[in-house]
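Peer 1: Make a model of this:
(one chain, ligands or ions: 1)
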Amino acid sequence: MMFVSTRGRAGRRSFEDVLLAGLAEDGGLFLPERWPELGRDRLAALDGADYPATAAAVLAPFTEGCFSEAELEAMAREAYAGFAHPAVAPLRQLDPRLWLLELFFGPTLAFKDFALQLLGRMFERVLARRSSEITIIGATSGDTGSAAIAAVAGRARMRIVILHPHERISPVQRRQMTTVDAPNVANIAIRGTFDDCQNIVKTLFNDPQLRKELNLAAVNSINWARIAAQAAYYVYAGLRLGCLARPVGFCVPTGNFGDVYAGHVARRLGLPIDRLIIATNRNDILARFFASGEYRIGDVVPTISPSMDIQLASNFERLLFELLDGDGPAVAELMGRLSREGAFRVPSAVHARACALFAAGSAREEETKATIARWYERTAGAVLVDPHTAVGLAVAERFDRGSARPMVVLATAHPAKFPDAVAAATGRRPELPVHLRDLFAREERFTVLAADATAVATFLRTWHPNP
Ligand SMILES: *Cc1c(COP(=O)(O)O)cnc(C)c1O
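Peer 2: Residues are numbered from 1 along each chain as shown. Below you'll find the model as predicted:
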């Protein structure tokens with residue numbers, strides 16, 4: 001399987017290159033050259049398979065030439081062994097046709113562990129083959145940083161440096177990163193905003209000498225391997241709900257269009273999906289696009305679902321490429337206009353094709369809070385959802401009145417990861433799972449630096465120098 005860039009000006013690349021590079025050199029995102037088919041027989045054979053076997057089968061067509069299905073399964077067994085639920089991704093029934101897919105049993109309590117736990121192991125194998133080493137650098141506003149650190153801590157040939165905005169992320173989120181005690185992990189608190197952190201990372205990547213010297217790598221959500229790994233839980237959940245006989249719908253809280261796009265990948269692989277609903281918070285660039293055909297960047301407003309406070313849904317470029325029939329220069333044109341003018345509009349035929357693939361809605365803050373409270377009360381305290389999941393539930397319930405088909409809402413984070421919002425809505429403060437109970441007693445380690453790329457570059461060059 002070879003991969004091409006959405007902007008059409010990069011060469012064909014192998015899975016191994018795509019895994020390590022993240023972004024294509026023309027600024028585009030990688031996509032498989034053609035969609036593989038899992039086929040009904042293969043899907044039927046996976047009905048009843050456990051999570052690691054399902055993940056290996058879903059990933060195998062993409063990793064051809066890099067990892068065999070057996071290698072993938074071995075990595076997946078290891079990656080998901082540490083999850084705190086034997087089903088890895090359990091379904092929880094809420095009413096006769098509404099289900100939660102609980103994706104928060106990984107080490108850092110959000111769905112990002114699914115892809116990153118596997119990616120850490122993929123990196124390790126590829127680097128051993130190539131006898132090389134990398135420095136992973138990333139900026140985080142919350143969940144990605146902790147999931148990436150948990151995936152890389154203690155692994156050979158990799159070190160990881162995560163930048164977060166000083167005193168602007170939640171204490172649980174910060175401590176999940178800063179209390180990890182491994183020599184290959186460093187945290188930097190930047191005196192500035194998340195955007196400052198992201199700009200520093202971009203500046204460092206654009207410095208060819210530094211990039212080469214430290215072998216810089218990224219693990220942000222545009223990495224194809226992350227998307228492909230996430231397609232697995234759609235297949236797993238769909239099969240469990242009998243989708244080969246009756247298609248299943250999914251409603252997905254999304255920010256960067258990564259998670260719901262993974263559902264689209266599962267559909268392209270052949271999974272019978274009834275419909276895919278995009279759920280956003282007030283940062284609703286995607287919902288506005290599906291309503292109007294115009295993709296316009298707005299101001300980011302802080303919400304109680306901060307991991308979706310994004311006004312530029314990077315993975316949307318992948319859908320655009322498909323909607324424009326693989327015309328890379330046309331995608332590059334639109335993305336250029338977006339960065340110059342902050343917006344673009346697609347022709348009505350293209351908009352209609354997008355709307356045939358996805359529905360979209362957004363939830364206001366009051367609705368999100370009311371949804372957390374409503375399910376808590378309705379189930380006498382048994383169902384406690386985090387604010388991101390609540391955005392998905394609110395949108396699913398609004399869209400799906402009267403339908404008889406099963407609808408699955410992705411539960412993207414554990415309620416204890418966002419205790420303040422959950423306590424404000426229900427009066428109950430969710431407790432951290434056992435492995436994190438002592439989080440607030442652990443020692444923190446991080447370096448505070450100014451919002452200055454040169455200071456971060458100096459830190460990188462002097463910290464833990466390569467032998
Ligand atoms: C990252 C994140 C999301 C959004 O995922 P995308 O890939 O950006 O669509 C939703 N909920 C939680 C809890 C997250 O951490």
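
Peer 1: Any figure for the gap between the closest residue to the ligand within the stretch 101-250 of the chain and Pro419?
Peer 2: Distances from the stretch 101-250 of the chain to the ligand, computed as C-beta to the nearest ligand atom, single out Asp143 as the nearest residue at 3.4 Å. Yep, even glycine has a C-beta here, placed from its N, CA and C like the rest. When C-beta to C-beta, to the nearest Å is applied, the distance between Asp143 and Pro419 equals 15 Å.

Peer 1: Please identify which of these two sits among more neighbours.
Peer 2: Asp143 (24 against 19; other C-beta atoms under 10 Å).

Peer 1: For the stretch 1-150 of the chain, which residues are neighbours of the ligand?
Peer 2: On the criterion C-beta under 6 Å from any ligand atom, the ligand has as its neighbours in the stretch 1-150 of the chain the residues Ala110, Lys112, Asp143.

Peer 1: Nearest to Pro347 among those?
Peer 2: The shortest gap between Pro347 and any of these belongs to Lys112, at 34.8 Å (C-beta to C-beta).

Peer 1: Near the nearest residue to the closest one once chain neighbours are set aside, how many other residues are there?
Peer 2: Spatially, and ignoring its direct neighbours in sequence, Lys112 is nearest to Ala147 (3.8 Å; C-beta to C-beta, 6 or more residues apart in numbering). Here the neighbour count serves as a burial measure; for Ala147 (other C-beta under 10 Å) it reads 28.

Peer 1: got it, and the one 5 residues further on?
Peer 2: One way to gauge burial is a neighbour count; for Val152, by other C-beta under 10 Å, it gives 24.

Peer 1: Now do the same for the closest residue to it other than its chain neighbours: helix, strand or coil?
Peer 2: With C-beta to C-beta, 6+ apart as the criterion, Val152 has its nearest non-adjacent residue at 4.4 Å, and that residue is Ile160. Following DSSP: H, G, I helix; E, B strand; the rest coil, Ile160 is assigned to strand.

Peer 1: With Leu94 instead?
Peer 2: Three-state assignment for Leu94 (three-state DSSP): strand.

Peer 1: which residues touch it?
Peer 2: By C-beta atoms under 8 Å, 6 or more residues apart in numbering, Leu94 lies in contact with Leu100, Trp375, Thr379, Val383.

Peer 1: any idea how far the third one is from the ligand?
Peer 2: Thr379 sits 21 Å away from the ligand, going by C-beta to the nearest ligand atom, to the nearest Å.

Peer 1: Can you give me every residue that contacts that residue?
Peer 2: Applying C-beta under 8 Å, 6+ apart, the residues near Thr379 are Leu94.

Peer 1: What backbone torsions are found at it?
Peer 2: phi -100, psi 20 (degrees, to the nearest 10).

Peer 1: what residues does the stretch 351-467 of the chain put near the ligand?
Peer 2: For the stretch 351-467 of the chain, the residues in contact with the ligand under the definition C-beta under 6 Å from any ligand atom are His388, Thr412, Ala413.

Peer 1: still on that earlier bit, please report how far the residue of the stretch 101-250 of the chain closest to the ligand lies from Phe111.
Peer 2: In terms of C-beta to C-beta, Asp143 sits 8 Å off from Phe111.

Peer 1: so what sits against both of the two?
Peer 2: Taking C-beta under 8 Å, 6+ apart as the criterion, Asp143 and Phe111 both touch Ala413.

Peer 1: how about stretch 341-357: buried residues?
Peer 2: Of the residues in stretch 341-357, those scored as buried under the neighbour-count criterion (16 or more other C-beta atoms under 10 Å) are Phe344, Val346, Val350, His351, Arg353, Ala354.

Peer 1: list the contacts for the first one?
Peer 2: Right, the one you point to is Phe344. Taking C-beta under 8 Å, 6+ apart as the definition, contacts of Phe344 comprise Glu294, Tyr295, Leu334, Arg337, Leu338.

Peer 1: Provide a list of residues in contact with the residue lying closest to Pro415 once chain neighbours are set aside.
Peer 2: For Pro415, ignoring the flanking residues on the chain, the nearest one in space by C-beta to C-beta, 6+ apart is Pro430 at 4.1 Å. Applying C-beta under 8 Å, 6+ apart, we find Pro430 in contact with Leu384, His414, Pro415, Ala416, Pro419, Val422, Ala423.

Peer 1: repeat for Glu341
Peer 2: For Glu341, no contacting residues are found, by C-beta under 8 Å, 6+ apart.

Peer 1: burial count for the closest residue to Ile200 other than its chain neighbours?
Peer 2: Taking C-beta to C-beta, 6+ apart as the measure, Ile200 lies nearest to Ala453, with 4.7 Å between them; neighbours along the chain are not counted. By the other C-beta under 10 Å criterion, the neighbourhood of Ala453 contains 19 residues.

Peer 1: How about Val434?
Peer 2: The burial count assigned to Val434 is 8, neighbours taken as other C-beta under 10 Å.

Peer 1: What pLDDT is listed against it?
Peer 2: The pLDDT attached to Val434 in the predicted structure is 91.

Peer 1: gap between Ala453 and Gly255?
Peer 2: If you go by C-beta to C-beta, the gap between Ala453 and Gly255 works out to 25 Å.

Peer 1: Sweet, I'm off.
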